[in-house]
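Enquirer: Sequence plus predicted model, see below.
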Amino acid sequence: TSSVQSITAEDIKNLPIRDVASLALLSTGVVRSNAANADGIVIRGGRPDEVAYYVDGVQSTNKLGGGEGTYIIANAVEEVQVLAGGYSAEYGGANSGIIKTTLKSGTSTYKVGAELRTDSWAKPGTEVLNTYSYGRNDYSMQVSGPIIPGDNKFKFFVAGQYLSSVTGPN
């Protein structure tokens, strides 16, 4: 009774979701619990502290309260896998499920990508064209390629993100 569901970089690019936890919520049997004593991702009726998080094979679960221990830029994710039951003993600390994230790696050609999202086109709280500005900005950029041009032995991938939010009247 095990299941593995994958969300690839192509899926992520086409989705309006920007964090690993929200991507995992697209999988069957995964829900967000908002209970006072159990806030977080729940897989197949378990508790949030029963879900293990792995990034490129390294456990990144928050040891204090469970949940994600590392924030990952969505544009740096190659794949997110949700394992619900039936996984081997190599995954310690998981009772109800595992969320595995694989990061992108370098490419043989130079590539540059950017994503800019903002609603700071007006003063926060101001209504313009039947919508409001909340002063939120999300800018991310990624660059990859060979370290030495023409040599595919050593490659790099770098991603960065800038988030800001202006608090204004509601």
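Expert: In hand now; what should we look at? Residues are numbered from 1 along each chain as shown.
Enquirer: gap between the two ends of stretch 52-65?
Expert: Using CA to CA, to the nearest Å, the end-to-end distance of stretch 52-65 comes out at 12 Å.
Enquirer: And stretch 12-19, by the same measure?
Expert: Using CA to CA, one end of stretch 12-19 lies 10 Å from the other.
Enquirer: List of residues touching that stretch?
Expert: Stretch 12-19 has contacts (CB atoms under 8 Å, 6 or more residues apart in numbering) with Leu23, Leu26, Tyr71, Ile72, Ala74, Asn75, Val77, Val80, Asp138. C-beta here means a position set from N, CA and C on the backbone, and glycine is covered the same way.
Enquirer: pLDDT (mean, whole number) over stretch 136-156?
Expert: Mean pLDDT, stretch 136-156: 92.
Enquirer: Stretch 59-72 too?
Expert: Across stretch 59-72, pLDDT averages out at 83.
Enquirer: State the distance spanning the first to the last residue of it.
Expert: Terminal residues of stretch 59-72 lie 14 Å apart, using CA to CA.
Enquirer: and if you look at stretch 83-90?
Expert: End-to-end distance of stretch 83-90 (CA to CA): 13 Å.
Enquirer: Equivalent analysis for stretch 61-77, please.
Expert: End-to-end for stretch 61-77, by CA to CA: 17 Å.
Enquirer: Show me which residues of it are buried.
Expert: Within stretch 61-77, the residues scored as buried using 16 or more other CB atoms under 10 Å are Thr61, Gly66, Gly67, Glu68, Ile72, Ile73, Ala74, Asn75, Ala76, Val77.
Enquirer: rewinding a little: looking at the contacts of stretch 12-19, which is nearest Leu103?
Expert: Among the contacts of stretch 12-19, Val77 lies closest to Leu103 (CB to CB), at 6.4 Å.
Enquirer: Among the contacts of stretch 12-19, which are located in helices?
Expert: Of the contacts of stretch 12-19, the ones assigned to helices by DSSP state H are Leu23.
Enquirer: what's the most distant pair in the contacts of stretch 12-19?
Expert: Pairwise distances across the contacts of stretch 12-19 (CB to CB) peak at 20.0 Å, for the pair Leu26 and Asp138.
Enquirer: Could you pull up phi and psi at the residue most central in space within the chain?
Expert: Centroid check for the chain by CA atoms, centre = their mean gives Val20 as the closest residue, at 2.4 Å. Main-chain dihedrals, Val20, degrees, to the nearest 10: phi -60, psi -40.
Enquirer: Tell me the confidence at it?
Expert: 86.
Enquirer: ditto for the one 5 residues further on
Expert: Reading off the per-residue confidence, Leu25 sits at a pLDDT of 90.
Enquirer: Report the contact partners of it.
Expert: Contacts of Leu25 by CB under 8 Å, 6+ apart are Val31, Arg32, Ile41.
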